[in-house]
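1. Here is a sequence together with a model predicted from it:
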Amino acid sequence: MNTADMLREAGLWPVLAVLGLALAVLLLRVLALPLAGAALLLDSLADYAARPLNTTAAGNGAAGTGVSR
């Protein structure tokens with residue numbers, strides 16, 4: 001069944017509605033790609049910000065013991 005057959009059988013408005021719905025789904029999927037990339041970037045930045053601090057680099061005692069000299 002081609003587009004002309006669909007237009008004759010269902011009419012113009014239902015065919016336009018289906019084509020519009022397909023276009024909306026395509027547009028939303030294309031827009032979702034950069035948003036997913038931004039979410040991954042923010043997730044990696046949150047992991048970086050939540051990392052534990054390295055206390056041995058400053059020479060203030062053993063890591064995690066809370067003992068200072």
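-> Structure's in. What do you need? Residues are numbered from 1 along each chain as shown.
2. Can you show me the helices along this structure?
-> Ranges of helices in the chain, per DSSP state H, are 3-10, 12-49.
3. any idea which of those helices scores lowest on pLDDT?
-> The minimum mean pLDDT among these belongs to helix 3-10 (a mean of 83).
4. Pull that helix out as PDB, backbone CA atoms only.
-> Only the C-alpha atoms of helix 3-10 are listed here, as PDB (Å, rounded to 0.1, in the frame of the first residue of the first chain):
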ATOM      1  CA  THR A   3       0.600   6.900   0.200                       C
ATOM      2  CA  ALA A   4      -2.000   7.400  -2.500                       C
ATOM      3  CA  ASP A   5      -3.800   4.300  -1.400                       C
ATOM      4  CA  MET A   6      -3.700   5.400   2.200                       C
ATOM      5  CA  LEU A   7      -5.100   8.800   1.300                       C
ATOM      6  CA  ARG A   8      -7.900   7.300  -0.700                       C
ATOM      7  CA  GLU A   9      -8.800   4.800   2.000                       C
ATOM      8  CA  ALA A  10      -8.300   6.800   5.300                       C
END
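5. Run through the neighbouring helices and strands of that helix.
-> Secondary-structure packing of helix 3-10 (3 or more C-beta pairs under 8 Å, 6 or more residues apart in numbering; DSSP states H and E): helix 12-49. Where you see a C-beta, it was placed from the backbone N, CA and C, and this is true even at glycine.
6. The helix it packs on - contacts with which helices or strands?
-> helix 3-10.
7. Measure how far the helix it packs on is from the centre of its chain, please.
-> Relative to the mean C-alpha coordinate of its chain, helix 3-10 is positioned 38 Å out (C-alpha atoms, centre = their mean, to the nearest Å).
8. Residues contacting that helix, please?
-> Met1, Val15 (C-beta atoms under 8 Å, 6 or more residues apart in numbering).
9. what angle separates it from helix 12-49?
-> 110 degrees (axes from the mean of the first three to the mean of the last three C-alpha atoms, to 10 degrees).
10. burial of Met6, as a residue count?
-> Met6: 15 surrounding residues under other C-beta atoms under 10 Å.
11. whoops, Val18 was the one
-> Val18 has 12 nearby residues by other C-beta under 10 Å.
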